[in-house]
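Engineer: sequence first, then the predicted structure, then my questions.
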Amino acid sequence: MKTYKVDLDYESFLFDPNYTEDSVSNLKIIREFEYIFFLVNQENCILKNARDYEKNYLNKLKGLDFVIPQLDPRAKNTESWWGNRHSYSIEQNLNSKITSAELGKKNNWGFYKGALAKSSEEVEAHIKQFPEYKNWIIKRPHSFSGIGHYQFNSENINKFIMNKIILGEVLVEPLYKRVFDIGTTFVVKDGIIERQFMVENINSANGGFKGGVGASTLDKFKKYILEKYSYSLDELEQITKEIATNYLDMGAINNIQIDSFIYEEDGVLKLYPLVEVNYRKTMGLVIQTLADKYPDCSTVEWVIRTKKEIDEDKEFYTRSELVRLSPDGTHFQTYLKRNL
């Protein structure tokens, strides 16, 4: 029987030179979302849990037909579940936004008017080349879920803040008028693609993940997007296959997840195929696993809200269609919504 740990500190492991496995900051994020293992797991196994779970909560998930592992907080010889851990250098390269930006620019898949910069002076020099764009974003190459992103207006640059953001090489590009975001995952086993699926990622203005929508089949999901936005995902379906092939050629042997978005320009919806690539498990896998669990539904939503956001929505708790999936004691509460 396998023993797993939920290594949501994977990015820190890859990119933080001061990484410590049991640091307070790493344990905080693991304890916040460790339970997603219960939502995805389908095997009889052991989990080295980083927090306690009430029996009533686990029984509730069992009642919803989730497979709950044996819990052993002192377990030894664990396998990392979230990240890959097969080649440190390959994983660093494949998870870097610089890698995806360079690939996107080379193939006209993204980073169209973007640039790499190491100082505020380089940022300013670049944005002067595109006066038609006023709003810009700076991204650190190894951040995730919008953390470390900085948005600014080219006519009102705060150099003090910008210099605090630019601690090394960063990516700078225009802010587009995003209409919706798509995450495409290729399920890969030993370097072979076994499945492709897509989910709609619901993100905040700063890129923070707020949940998403999925369907049990790719065709059903594409129909949902076509009906909601009058936009076909056929082109994106093919381009992401090419992107995934490039990542396999660079050494990927496990799941590849590609972030894309559709934006509006001059009244026309346009495709930005390659924002970044996550070479690891993602929250999109959680959404898809929930969708697979309910194949009779047209779509399934995974809703993420803070306690404050829920309290400000006075009707939230009256929505009988929402089923809470997160345990007590988390900052973010997550809910399942099934759409017939």
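Structural biologist: Yep, that arrived.
Engineer: using PDB, list the CA coordinates for the longest helix belonging to the chain.
Structural biologist: Taking DSSP state H as the criterion, the chain has its longest helix at helix 234-249. C-alpha atoms of helix 234-249 as PDB (Å, rounded to 0.1, in the frame of the first residue of the first chain):
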ATOM      1  CA  ASP A 234     -11.500  23.700 -31.400                       C
ATOM      2  CA  GLU A 235      -8.400  25.800 -32.200                       C
ATOM      3  CA  LEU A 236      -7.200  25.800 -28.600                       C
ATOM      4  CA  GLU A 237      -7.700  22.000 -28.400                       C
ATOM      5  CA  GLN A 238      -5.200  21.500 -31.200                       C
ATOM      6  CA  ILE A 239      -2.700  24.200 -30.100                       C
ATOM      7  CA  THR A 240      -2.500  22.800 -26.600                       C
ATOM      8  CA  LYS A 241      -1.700  19.400 -28.100                       C
ATOM      9  CA  GLU A 242       1.300  21.000 -29.800                       C
ATOM     10  CA  ILE A 243       2.300  22.700 -26.600                       C
ATOM     11  CA  ALA A 244       2.100  19.500 -24.700                       C
ATOM     12  CA  THR A 245       4.300  17.700 -27.300                       C
ATOM     13  CA  ASN A 246       6.900  20.400 -26.800                       C
ATOM     14  CA  TYR A 247       6.900  19.800 -23.100                       C
ATOM     15  CA  LEU A 248       7.200  16.000 -23.600                       C
ATOM     16  CA  ASP A 249      10.200  16.700 -25.800                       C
END
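Engineer: distance between that helix and the chain's centre?
Structural biologist: Here helix 234-249 is found 18 Å from its chain centre; the criterion is Cα atoms, centre = their mean, to the nearest Å.
Engineer: kindly report the same for stretch 303-316.
Structural biologist: 21 Å.
Engineer: quick one: average pLDDT of it?
Structural biologist: Mean pLDDT, stretch 303-316: 88.
Engineer: what of stretch 70-85?
Structural biologist: pLDDT averaged over stretch 70-85 gives 96.
Engineer: tell me who's in contact with residue 310.
Structural biologist: Residue 310 sits next to 316, 317, 333 when contact means Cβ atoms under 8 Å, 6 or more residues apart in numbering. Heads up, the C-betas are built off the backbone N, CA and C, glycines and all.
Engineer: hmm, 7 Å instead?
Structural biologist: For residue 310, the contact set (Cβ atoms under 7 Å, 6 or more residues apart in numbering) comprises 316, 333.
Engineer: buried residues in the longest helix of the chain, which are they?
Structural biologist: Across helix 234-249, burial judged by 16 or more other Cβ atoms under 10 Å covers 236, 239, 240, 243, 244, 246, 247, 248.
Engineer: and residue 324, how far from residue 303?
Structural biologist: According to Cβ to Cβ, to the nearest Å, residue 324 stands 10 Å off from residue 303.
Engineer: which neighbours do these two share?
Structural biologist: residue 335.
Engineer: more crowded one of those two?
Structural biologist: Ranked by neighbour count (other Cβ atoms under 10 Å), residue 324 and residue 303 place residue 303 first, with 21 against 14.
Engineer: quick check on the more buried one: phi, psi?
Structural biologist: Note on residue 303: backbone dihedrals following degrees, to the nearest 10 are phi -100, psi 130.
Engineer: before we move on, what about residue 274?
Structural biologist: Residue torsions, per degrees, to the nearest 10, at residue 274 are phi -130, psi 100.
Engineer: ok, now how distant is it from residue 6?
Structural biologist: Counting by Cβ to Cβ - residue 274 and residue 6 are separated by 28 Å.
Engineer: now do residue 292
Structural biologist: Counting by Cβ to Cβ, the gap between residue 292 and residue 6 amounts to 20 Å.
Engineer: tell me which of these two has more neighbours.
Structural biologist: Comparing residue 292 with residue 6 by other Cβ under 10 Å, the one with more neighbours is residue 6, at 25 against 15.
Engineer: so how many other residues sit close to residue 215?
Structural biologist: 27.
Engineer: do residue 98 as well
Structural biologist: Neighbour tally, residue 98, other Cβ under 10 Å: 17.
Engineer: tell me where the protein has helices.
Structural biologist: 10-15, 24-33, 36-40, 55-63, 88-95, 97-107, 120-127, 159-165, 218-229, 234-249, 283-293, 307-312.
Engineer: now do the third one: everything it contacts.
Structural biologist: Surrounding helix 36-40, the residues in contact under the criterion Cβ under 7 Å, 6+ apart are 6, 47, 61, 66, 68, 81, 285, 286, 289, 290, 325.
Engineer: domain parsing of this structure, as residue ranges.
Structural biologist: Here the chain is described, according to automatic domain parsing, as comprising the domains 3-83, 114-174, 178-339.
Engineer: what about the second one, how long is it end to end?
Structural biologist: With Cα to Cα, to the nearest Å as the measure, the ends of domain 114-174 fall 7 Å from one another.
Engineer: then stretch 42-49?
Structural biologist: Note: stretch 42-49 ends 17 Å apart using Cα to Cα.
Engineer: from the chain's centre, how far out does it sit?
Structural biologist: In terms of Cα atoms, centre = their mean, the centre of stretch 42-49 is found 23 Å from the chain centre.
Engineer: thank you kindly, that will do.
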